[in-house]
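Visitor: Quick check, what structure comes out for this input:
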Amino acid sequence: MTIGSVERVLSGVLTLSAAVIAVALAHREFGRSTGRGAPNTNTPPSYVKNWNTLLQVGELVGSADAPVKVIEFGDFECPFCRRSDSLYRVAASKFGQSVALIFVHFPLGIHRFAVPAARASECAARQGRFAAFHDKLYDRQDSLGLKTWTSFAVDAGVPDTAAFGACVQDVKPVSQIQAGLDAGKRFNVNSTPTVLVNGWRFQYPPNGEQLDSIIAAFSAPIAERR
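Guide: Below you'll find the predicted structure:
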């Protein structure tokens, strides 16, 4: 699909009520103050060059062969990241192997448990359980700081909890988390969740209906896109 054809698709499925977005943005998590106030609610999605470099930075949830890649700069303590993830899961249940999530760590300094949660998720990733751990963190977000990381690991099916516990206690920097933060700086990310779909970056994450339409457009056979 060419950029021009994608623009036509997006113009048809991404028209939001400015009033609705304004209310949502009033509650959105902003990691850094830009000094420029809230984003322009009428800004259309824009295509980001070199977006595919993020495929190596983030953690894959789903099939690497999926034609639609949803990239999220996320923070496990961010309530709007949780909401965005719930919408993605609904879409993934409909589109199956046609869509995959790439979660890029972007823990915000305003959240006490964001970095520890990111570290714990990477410890789970070492045992091939990132996706399940990611889901459990969002499912029990209200228990961060109350529920132990090992308890999350058990719920997520991490096989070696002793190794997991040692990993969580390690104080060395985690390369995958730092890579996400560095990528956020390169791509001028200043809030979570920041969402891209196949390189198209959204000023505000698409709602469920829009996400379905976008995924359907990108995953449709070429002949059907014309």
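
Visitor: ok, residue 99 to residue 118 distance?
Guide: 23 Å (CB to CB, to the nearest Å). The way it works is simple: take the backbone N, C-alpha and C, and place the C-beta from them, glycine included.

Visitor: Next: residue 63.
Guide: From residue 63 to residue 118 the distance is 23 Å (CB to CB).

Visitor: Comparing the two, which shows the higher neighbour count?
Guide: Between residue 63 and residue 118, counted using other CB atoms under 10 Å, residue 118 has the larger neighbour count: 24 against 12.

Visitor: and the gap between the more buried one and residue 190?
Guide: 18 Å.

Visitor: What of residue 219?
Guide: In terms of CB to CB, residue 219 sits 30 Å off from residue 190.

Visitor: May I ask which helix or strand encompasses the most centrally placed residue in the chain?
Guide: Residue closest to the average C-alpha location in the chain (CA atoms, centre = their mean): residue 72, at 2.3 Å. Residue 72 is part of strand 68-74 when elements are defined by DSSP states H and E.

Visitor: you'd agree residue 76 is in a strand?
Guide: No - read with DSSP: H, G, I helix; E, B strand; the rest coil, residue 76 is coil and lies in no strand.

Visitor: was I right about it contacting residue 118?
Guide: Yes - taking CB atoms under 8 Å as the contact criterion, residue 76 and residue 118 are neighbours in contact, 6.4 Å apart.

Visitor: which residues do the two both contact?
Guide: Among the neighbours of residue 76, those also in contact with residue 118 (CB atoms under 8 Å, 6 or more residues apart in numbering) are residue 107.

Visitor: residue boundaries of the helices in the protein?
Guide: Taking DSSP state H as the criterion, the chain carries its helices at 3-13, 18-26, 54-57, 79-95, 114-125, 130-139, 149-155, 161-169, 175-186, 208-219, 222-225.

Visitor: What are the buried residues along the third one?
Guide: Right, the one you point to is helix 54-57. Neighbour counts over helix 54-57 (16 or more other CB atoms under 10 Å) mark 54, 57 as buried.

Visitor: hang on, the earlier thing: what's the spacing between the residue nearest to the centre of the chain and residue 165?
Guide: Distance from residue 72 to residue 165, by CB to CB: 28 Å.

Visitor: shaky segments in this protein?
Guide: In the prediction, the chain carries residues with pLDDT under 70 at positions 1-43, 221-226.

Visitor: go with 80
Guide: 1-44, 220-226 (pLDDT under 80).

Visitor: quick one: contacts of stretch 80-92?
Guide: 24, 27-29, 62, 70, 72, 74-75, 99, 101, 135, 138, 141, 192-193, 195, 205-208, 211-212, 215.

Visitor: likewise stretch 60-68?
Guide: 92, 95, 97-103, 130-131, 134, 197-198, 214-215, 218-219.

Visitor: Please state the offset of that stretch from the chain centre?
Guide: Distance, stretch centre to chain centre, for stretch 60-68: 14 Å (CA atoms, centre = their mean, to the nearest Å).

Visitor: Looking at the helices of the chain, spot the one closest to residue 46.
Guide: helix 3-13 (9.9 Å; CB to CB).

Visitor: Show me how far stretch 85-93 is from its chain's centre.
Guide: The answer for stretch 85-93 is 11 Å, by CA atoms, centre = their mean.

Visitor: No more questions from me, cheers.
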